[in-house]
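Visitor: Take this sequence and fold it.
(one chain, ligands or ions: 3)
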Amino acid sequence: MKGALRKTLLGGLLFMLLCSILIVSWLVLANRNPDLDQPATVVIDVRQQLAQGAYLARIGNCMSCHTARGGASYAGGRAVPTPFGNVYASNLTPDKDTGLGHWSSDDFWRAMHDGKSRDGRLLYPAFPYPNYTRVSRADSDAIFAYLQTLPAVKQENRAPELRAPYDNRLLLYAWRALYFRAGTFVADDTQSFAWNRGAYLTQGLGHCSACHSPRDRWGGIDGKAELAGGMISSLNWYAPPLNGSANSLGKWHDTEIVAFLKAGLTAERSATGPMAEVIATSLQYVSHDDVQAMATYLSALPPSDKGPVPIDDNLRREEKQAIIASGARLYEQHCVNCHQAAGQGVASVYPALAGSYAVTAAIAANPIRLVLHGGFGASTTGNPRPYGMPPFGHVMTDNEIAAVVTYIRNAWGNQASAVSARDVNQYRSQEGL
Ligand code: HEC
Ligand code: HEC
Ligand code: HEC
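Guide: Ligands and ions are numbered 1, 2, ... in the order given. Below you'll find the predicted structure:
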């Protein structure tokens with residue numbers, strides 16, 4: 001009896017040992033980064049490299065996250081919200097004690113390419129290194145060289161404020177094994193130069209997929225669903241699909257994508273919320289050729305079936321018709337002056353609501369937020385003083401806003417699920433971004 005017990009115990013231990021070995025080897029193998037040894041680039045023209053670095057940092061929008069409101073540029077301290085708590089962006093100025101003063105271009109490359117800090121600490125993916133890993137060594141070196149020319153600012157980094165157990169950085173080994181694949185961008189020879197340039201910029205520095213993809217509960221993105229659109233849960237805005245989905249970008253002409261990304265405005269659409277910020281702080285500075293390349297790449301993307309599933313509103317036809325009828329009266333009263341009787345808007349001034357995916361997306365977060373809190377487009381050189389949309393949260397009840405949004409989602413040929421007062425209420429307290 002005793003012998004049998006010992007045997008079972010020993011067997012159990014051996015099994016556990018085997019499992020641990022398997023798990024550890026999986027973590028080690030999955031966390032390997034084959035390109036890490038790429039040598040630093042040989043620089044011929046330093047001035048050109050610095051200009052290039054400044055330009056690339058714009059495309060990566062580094063300053064926007066790495067600058068606290070009212071704080072010194074690039075000195076860090078801005079909270080980047082995640083569903084698990086806040087992570088604070090680091091000081092990227094060349095200060096020796098608190099910034100990147102002691103970093104080499106190798107250290108910087110390891111952070112960009114492999115998400116590790118100088119001391120080997122794993123970095124949280126709130127820093128979009130799962131995208132930046134695509135950036136070339138030459139471009140990483142140029143950004144680093146540029147950052148080293150900034151005025152040094154002494155400002156300690158702030159520790160992340162994450163809920164347990166997410167505050168344990170060691171968990172990131174598992175996260176990375178599941179979701180992170182390192183690797184620089186590899187050009188596709190069958191595609192044009194513009195397509196490849198666009199792919200490199202959108203997948204890498206532009207980190208579009210960080211917002212425009214659905215995420216699972218651990219914040220991971222399924223590779224097949226990249227750019228299929230998703231709710232940005234930490235910001236509570238919906239980022240529509242950027243692939244060729246028939247409803248959204250699939251209907252845009254390249255020139256419209258270029259205008260939207262550079263000026264924040266097309267005849268029919270106006271960027272808003274976090275996208276207006278991305279355009280104002282980053283994309284408006286991207287050269288015409290590079291934005292054109294992004295449009296070439298985006299409009300060639302095949303649609304993915306991983307986008308949001310249309311939500312059935314479970315309303316009887318007559319019930320929905322009654323809500324739509326009351327919404328129509330509210331539209332007449334509050335909205336028609338700007339968005340016009342047929343929802344066509346005023347070209348390049350007030351966006352069209354008819355035929356707009358910004359109105360009919362399965363997830364109605366954005367139109368609800370616009371009506372509650374109003375909105376401003378991106379202020380850009382192409383459109384320095386964007387028209388604003390006034391807030392209606394204080395003049396309309398949740399029921400009224402639900403009705404008017406349901407109306408615009410179903411008028412003039414639009415077709416979408418109804419919005420409930422509960423849907424509206426959930427966004428009431430969330431002003432601004
Ligand atoms: C969406 C916000 C965001 C953007 C955009 C962003 N970062 Fe960060 N970055 C962060 C956060 C948050 C951290 C801290 C991560 C942590 O503490 O694990 C960080 C950390 C870093 C680190 C590690 C610093 C250290 O001390 O270990 C480097 C280097 C860095 N970022 C460089 C960049 C560069 C270069 C760009 C632009 C190409 C950029 N970041 C864009 C949010 C961002
Ligand atoms: C910080 C999050 C964030 C990032 C990063 C981001 N976007 Fe967006 N984007 C949004 C949100 C939210 C919307 C919806 C609001 C709107 O339409 O203005 C949006 C809307 C858009 C639209 C309009 C699509 C439609 O069907 O209405 C385009 C085009 C777009 N983004 C392109 C891009 C590209 C290209 C990049 C990368 C260079 C990018 N975005 C990066 C959040 C983001
Ligand atoms: C004073 C003019 C004005 C009025 C009144 C107005 N809007 Fe707007 N609306 C705008 C402008 C300007 C924008 C673009 C705002 C932005 O880019 O953030 C906009 C954007 C929108 C959007 C987002 C469209 C897009 O392309 O992203 C929706 C939905 C919307 N309005 C619905 C309404 C509804 C419903 C009402 C009435 C309750 C209303 N608006 C009243 C001017 C107005």
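
Visitor: Quick one: end-to-end distance for stretch 164-178.
Guide: 20 Å (Cα to Cα, to the nearest Å).

Visitor: That one: which residues count as buried?
Guide: Y166, L172, Y173, W175, R176 (16 or more other Cβ atoms under 10 Å). Glycine gets a C-beta too; all of them are placed from N, C-alpha and C.

Visitor: And stretch 365-382, by the same measure?
Guide: 365-373, 375-378, 380.

Visitor: which among those are in contact with ligand 2?
Guide: N366 (Cβ under 6 Å from any ligand atom).

Visitor: Please list the members of the buried residues of stretch 365-382 that lie in strands.
Guide: Counting by DSSP state E, these place G375, F376 in strands.

Visitor: Which segments of this structure make up each domain?
Guide: Recorded structural domains for the chain (assignment: automatic domain parsing) are 36-179, 193-300, 317-425.

Visitor: Of the ones you listed, which stretch is the most buried?
Guide: Stretch with highest mean neighbour count among the domains of the chain: domain 193-300 (a mean of 20; mean count of other Cβ atoms under 10 Å).

Visitor: pLDDT (mean, whole number) over it?
Guide: The pLDDT scores in domain 193-300 average 93.

Visitor: so how far is that domain off the chain centroid?
Guide: 9 Å (Cα atoms, centre = their mean, to the nearest Å).

Visitor: same thing with stretch 404-411?
Guide: 27 Å.

Visitor: any bit of that stretch sitting next to ligand 3?
Guide: Yes. Using Cβ under 6 Å from any ligand atom, we find that stretch 404-411 touches ligand 3 at V404, I408.

Visitor: what does that stretch contact?
Guide: Stretch 404-411 is contacted by residues 320, 323-324, 326-328, 330-331, 334-335, 339, 343, 353-354, 359-360, 364, 367-368, 371, 396, 414-419, 424 when judged by Cβ atoms under 8 Å, 6 or more residues apart in numbering.

Visitor: do stretch 229-247 as well
Guide: So stretch 229-247 is contacted by 81-83, 202, 208, 211-215, 227-228, 248-250, 273-275, 298-304, 307-308, 357-358, 360-361, 363, 365-366, 369, 427, 430, 433 (Cβ under 8 Å, 6+ apart).

Visitor: about what we covered before: give me the subset of the contacts of stretch 404-411 lying in helices.
Guide: 320, 323-324, 326-328, 330-331, 334, 339, 359-360, 367-368, 371, 424 (DSSP state H).

Visitor: Which of the residues you listed sits closest to N31?
Guide: Among the ones in helices among the contacts of stretch 404-411, I368 lies closest to N31 (Cβ to Cβ), at 41.0 Å.

Visitor: if I pick the closest one, what's in contact with it?
Guide: I401, V405, V419, D423, V424, Y427.

Visitor: Please apply the same query to R110.
Guide: Shown in contact with R110 (Cβ under 8 Å, 6+ apart): L36, K116, R118.

Visitor: Report pLDDT for the closest residue to the second one other than its chain neighbours.
Guide: To tie it back to what came earlier, the one meant is K116. Nearest non-adjacent residue to K116, counting by Cβ to Cβ, 6 or more residues apart in numbering: R110, 5.2 Å away. Listed pLDDT for R110 reads 96.

Visitor: helix or strand for R110, which one?
Guide: helix 105-114 (DSSP states H and E).

Visitor: got the residue ranges for the strands in this structure?
Guide: Taking DSSP E, the strands of the chain run over residues 79-82, 85-88, 161-162, 230-232, 237-239, 375-376, 388-389.

Visitor: CA atoms only for the second one, dumped as PDB, please.
Guide: Output of strand 85-88 as PDB, limited to C-alpha atoms (Å, rounded to 0.1, in the frame of the first residue of the first chain):
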ATOM      1  CA  GLY A  85      -5.100  50.000 -15.100                       C
ATOM      2  CA  ASN A  86      -2.800  52.800 -16.100                       C
ATOM      3  CA  VAL A  87       0.700  52.400 -17.500                       C
ATOM      4  CA  TYR A  88       2.800  55.600 -17.600                       C
END
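
Visitor: what residues does the stretch 201-350 of the chain put near ligand 3?
Guide: Residues of the stretch 201-350 of the chain lying close to ligand 3 by Cβ under 6 Å from any ligand atom are R269, S270, A271, T272, H334, C335, N337, C338, H339, Y350.

Visitor: can you redo these as a markdown table with distance to A4?
Guide: Shown next, in a markdown table, are those (distance: Cβ to Cβ, whole Å):
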| residue | distance to A4 |
| --- | --- |
| R269 | 73 |
| S270 | 75 |
| A271 | 71 |
| T272 | 70 |
| H334 | 80 |
| C335 | 79 |
| N337 | 86 |
| C338 | 82 |
| H339 | 79 |
| Y350 | 81 |
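
Visitor: Closest residue of the stretch 51-200 of the chain to ligand 2?
Guide: N61 (7.2 Å; Cβ to the nearest ligand atom).

Visitor: Touching, Y179 and I221? I think so.
Guide: Yes. Counting by Cβ atoms under 8 Å, Y179 does reach I221; the two are 6.8 Å apart.

Visitor: any common contacting residues for the two?
Guide: P130.

Visitor: mind checking how far A403 is from E156?
Guide: 51 Å (Cβ to Cβ, to the nearest Å).

Visitor: next one: T397
Guide: Per Cβ to Cβ, T397 is found 47 Å from E156.

Visitor: Repeat that for T190.
Guide: T190 is 50 Å from E156, by Cβ to Cβ.

Visitor: I figured L283 hits V258, correct?
Guide: No. Under the criterion of Cβ under 8 Å, L283 is not in contact with V258, lying 10.2 Å apart.

Visitor: any residues in contact with both of those two?
Guide: Common neighbours of L283 and V258 are listed as V291 (criterion: Cβ under 8 Å, 6+ apart).

Visitor: How far off centre is the longest helix along the chain?
Guide: Counting residues, the longest helix in the chain under DSSP H turns out to be helix 2-30. Remark: helix 2-30 is offset 41 Å from the chain centroid, using Cα atoms, centre = their mean.

Visitor: Could you list every helix and strand in contact with that helix?
Guide: If contacts are counted by 3 or more Cβ pairs under 8 Å, 6 or more residues apart in numbering; DSSP states H and E, helix 2-30 sits against helix 171-179.

Visitor: does ligand 1 sit close to the helix it packs on?
Guide: No. Under the criterion of Cβ under 6 Å from any ligand atom, helix 171-179 makes no contact with ligand 1; the nearest approach is 8.4 Å.

Visitor: the inter-axis angle of that helix versus helix 105-114?
Guide: 60 degrees (axes from the mean of the first three to the mean of the last three Cα atoms, to 10 degrees).

Visitor: what does helix 171-179 rub up against?
Guide: Applying Cβ under 8 Å, 6+ apart, the contact partners of helix 171-179 are 26-27, 30-31, 115, 122-125, 130, 165, 218-221.
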